[in-house]
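Coordinates for the following, if possible.
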Amino acid sequence: MTEYWNGVPVRYDLLPIGTRRNGERLHTKDGKPKFAVIHDTGNVNSTAQQNVNYYRNTYNIPWSQVASAHIFVDDKEAIICIPVTECAWHVMLNTTIDNAWYGADADYAAFGVEGCYFTDKKRSLKSLENTAKVMAYLTKFWKINYKNEMPGHQDIQFDKQDPGNLLAACGLGRDTHNFDLYVAKYMNETKVPVIKGKKAGNNAKKVTNTKSRPKTKSYQDAINYMYSLKGKYVDFDGMYGEQCMDLAVQYVYHITDGTIRMWGNAKDSILNVFPKGWQIVKNTPNYIPPVGAIGVCTTGIYQEYGHIYLVWDNSGGTNTQTVLEQNFDGNHNTPAKLRVDNFYGTTHYIVPSFINETYDVKKITKVNIQKPQAPVIKEKLPKNLTWSKEPYFKAKAGENGVTIREDVKNGYMKKTKLFYKANFSPFYVYEVREGWARVYSETANYWVRREDLIITEKLTSAGGKTKAVETVKAKGQTQQQQKIAKKSKPKVAVGQIPPTKLTWSRKRYFKAQADAFGVTICERHGGKGNYSWNKTDI
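Okay, the predicted model is just below:
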């Protein structure tokens, strides 16, 4: 549903919970914004929707790269992607000016509005007008003094230039005071509703086409799914075969009902944002992890990349645990399998909120393992990519189309007569330098402006040497893990899984029972080294 603030269409397109929007309320005493910050996007010719889409497609990026804002405004509309009563990361926390002026960090006490700007001056002026109208509405509603409680980003963080870019695109210089004058122009004609319970920029009833806060499935469902993963080849992202992280990502993706897709290497998993009630617990000598928790190794041989696994059985107490994992022994083309582990290198456990529930081993049932569809990528190209024999990305033309150029001399790009309309695809990208992307082939002298292309698919072979280099780097860790795997082979013990190999004996080794999935009796045929196994009806 669309609202109108001073005649500007305003709608909600809220981001899913992640690092850009973690759902944290403002830290003010009453939970209301204390001041406002005006920004511009810093990305010329991008619309409000394109900026929101970029945030949505990268909603859970690493904390070291995270930035966000509450509202984007262009020459046509305003879009709220984070409620103004929630935290957003729009000003550096280490700047001291906001604290000196307002006694609080902007990220925790202020909302940020981003104005779009364009090479077309008329569009920029219209965007400025809409942004000022939206700011007039919000400051009046929240009783914020626009004269001294609405700084520009550039006023409270020295290394920033916004909203100067927007103002300059309109021919108005770079001083934030010029934006204040526009807000003043619309302040007197601004009318805000006096409706109990309604909060400007925080009306949950207006939310459309958004993902809700992640919900965690039941303990029983999680155990069912974990048991079903055993023996499966899990390659969640389709890159580099079945890695340890693929198994954990698939597991978390399922038990959060498809709302949390973990990022990074195994060691980065503890930096991810998880649903309410989940815990990241530091491992101690006396800690016994619950079944269904996710173990993370980050120290010793795991220092560079880490390792991750699912806790299958904890009956070994503080001595051993049985884990379900992939690629521990360096064989990335093998399925998820069990191993008895002695906790070496485990520093943390990711513990879902269902641990306070119970599950019944007798009720464990198999679940169909479905690989989620690859996400639709709509990102801009990176600013720099070294030349590669293989393409990095598949891309399409942006909304303004693209013109093919030739590198005539020393980076001077001459236009050709080749022009492709918006959304034309595919363009294969082999290099990006100084704002230009090499397309068609690795040797072609044809280039497109970087900002005119939108990524539609990341190709696994990108970068030529990337895969080989990573394999070499990880080799040392893999060799150490192989040694551990040999030492930690299952021993005959009550409550443990039988060893993978036992020589024939006239006397029985142990008494055992079937697991939750039951067993099927098989007949062996053939000779040593050439055995075959046939199922019976038992």
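
Now do the same for residue 182: its pLDDT.
Residue 182 is assigned 93 on the pLDDT scale.

now do the one 3 residues further on
Among the per-residue scores, residue 185 holds a pLDDT of 89.

Is it correct that it falls within a helix?
Yes - assigned with DSSP: H, G, I helix; E, B strand; the rest coil, residue 185 falls within a helix.

Quick one: residues contacting the closest residue in space to residue 526 that isn't next to it in sequence.
Spatial nearest neighbour of residue 526, chain neighbours left out: residue 532 (5.1 Å); criterion: Cβ to Cβ, 6 or more residues apart in numbering. Where you see a C-beta, it was placed from the backbone N, CA and C, and this is true even at glycine. By Cβ atoms under 8 Å, 6 or more residues apart in numbering, the contact list for residue 532 reads 524-526.

Which of those residues sits closest to residue 100?
The nearest member of those to residue 100, counting by Cβ to Cβ, is residue 524 at 79.0 Å.

who's the closest one bridged to?
With DSSP bridges as the criterion, residue 524 is bridged to residue 533.

so it touches residue 533, yeah?
Yes - when contacts are counted by Cβ atoms under 8 Å, residue 524 is listed as touching residue 533 (5.8 Å).

Show the low-confidence segments of this protein, by residue range.
For the chain, the stretches flagged by pLDDT under 70 are 1, 64, 189-215, 238-240, 331-332, 369-378, 408-411, 460-496, 516-517, 527-530.

middle-most residue in this protein, spatially?
Nearest to the geometric centre of the chain sits residue 60, at 2.7 Å (Cα atoms, centre = their mean).

What does that one show for phi and psi?
Per-residue torsions, residue 60: phi -130, psi 40 (degrees, to the nearest 10).

Name the nearest residue to it, ignoring sequence neighbours.
residue 18 is the one closest to residue 60 (Cβ to Cβ, 6+ apart), at 3.5 Å.

The one you found against residue 57, yeah?
No - under the criterion of Cβ under 8 Å, residue 18 is not in contact with residue 57, lying 10.9 Å apart.

Among the two, which residue is more densely surrounded?
Higher neighbour count among residue 18 and residue 57: residue 18, with 24 against 14, using other Cβ atoms under 10 Å.

Tell me which stretches of the stretch 151-300 of the chain form strands.
279-282, 294-297 (DSSP state E, counting those that start in this stretch).

One more: the stretch 351-500 of the chain?
Going by DSSP E, counting those that start in this stretch, the stretch 351-500 of the chain shows strands at 379-380, 393-397, 402-409, 412-420, 427-429, 431-433, 436-438, 446-449, 453-458.

What helices and strands are in contact with the last one?
The elements that strand 453-458 packs onto, with contact taken as 3 or more Cβ pairs under 8 Å, 6 or more residues apart in numbering; DSSP states H and E, are strand 379-380, strand 393-397.

if you set the cut-off to 7 Å instead, what comes out?
In this structure, strand 453-458 packs against strand 393-397, with contacts taken as 3 or more Cβ pairs under 7 Å, 6 or more residues apart in numbering; DSSP states H and E.

What lies in contact with the strand it packs on?
381, 420-429, 452-459, 462 (Cβ atoms under 7 Å, 6 or more residues apart in numbering).

Would you mind measuring the gap between the ends of stretch 96-106?
Terminal residues of stretch 96-106 lie 10 Å apart, using Cα to Cα, to the nearest Å.

For residue 187, grab the count of nearby residues.
Around residue 187 there are 18 residues (other Cβ under 10 Å).

residues in contact with the closest residue to it other than its chain neighbours?
In space, and not counting its chain neighbours, residue 187 is closest to residue 136: 4.9 Å by Cβ to Cβ, 6+ apart. Neighbouring residues of residue 136 by Cβ under 7 Å, 6+ apart: 6, 183, 186-187, 190.

most neighbours, which of the residues you listed?
residue 183 (24 neighbours).

Near residue 153, how many other residues are there?
26.

okay but it is in contact with residue 165, surely?
No - Residue 153 is beyond contact range of residue 165, at 10.3 Å (criterion: Cβ atoms under 7 Å).

circling back: so among the contacts of strand 393-397, which ones count as buried?
381, 420, 427-429, 452-458, 462 (16 or more other Cβ atoms under 10 Å).
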